[in-house]
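In: dropping the sequence and predicted coords here.
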Amino acid sequence: QVQLVESGGGSVQVGGSLRLSCVASGGIIRRYCMGWFRQIPDRGREGVAGIESGGSTSYADSVKGRFTISRDNAKNTLYLHLNSLKSEDTALYYCATDLVGGSWFPDRSFGYWGQGTQVTVS
């Protein structure tokens, strides 16, 4: 059974930083494509960043240069480092996978999701 548990969200001022974590069951983060998404009220869900099994990373244009996705295979943990935060980054952030390899892109569909962690920037 796939389990994804996010943490690290909180309230931060504009320009601040946070680090989100996603602990995954088994060894899935190193075997499959993983992604971070966010749900913004009135805007729906959008892809933020992704990492392929080989380690290549991709980002949505809105966060490029500010957010960094990484992983620690030994800890089965996926991270999202959020820097230079803006008020429009306020959202519920999720990690996700579909237990398949391949490239990440913002519109890619994933079947397994965590419960989310809230980020509020003001």
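Out: Noted; the coordinates are in hand.
In: setting aside sequence neighbours, what's the nearest residue to Leu4?
Out: Using Cβ to Cβ, 6 or more residues apart in numbering and skipping the chain neighbours, the partner closest in space to Leu4 is Gly114 (3.6 Å). (Each C-beta comes from the backbone N, C-alpha and C, glycine too.)
In: send me the least confident helix or strand in the chain by mean pLDDT as CSV with only the CA atoms.
Out: One helix or strand of the chain scores below all others by mean pLDDT, DSSP states H and E: helix 28-31, with a mean of 91. Only the C-alpha atoms of helix 28-31 are listed here, as CSV (Å, rounded to 0.1, in the frame of the first residue of the first chain):
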residue,chain,number,x,y,z
ILE,A,28,9.2,4.3,-4.2
ILE,A,29,10.8,7.8,-4.3
ARG,A,30,13.9,6.4,-5.9
ARG,A,31,12.1,4.1,-8.3
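In: nearest residue to Val18 in space, please, no chain neighbours.
Out: Check again: residue 18 is Leu, not Val. Here the residue nearest Leu18, using Cβ to Cβ, 6+ apart, is Leu82, at 4.7 Å.
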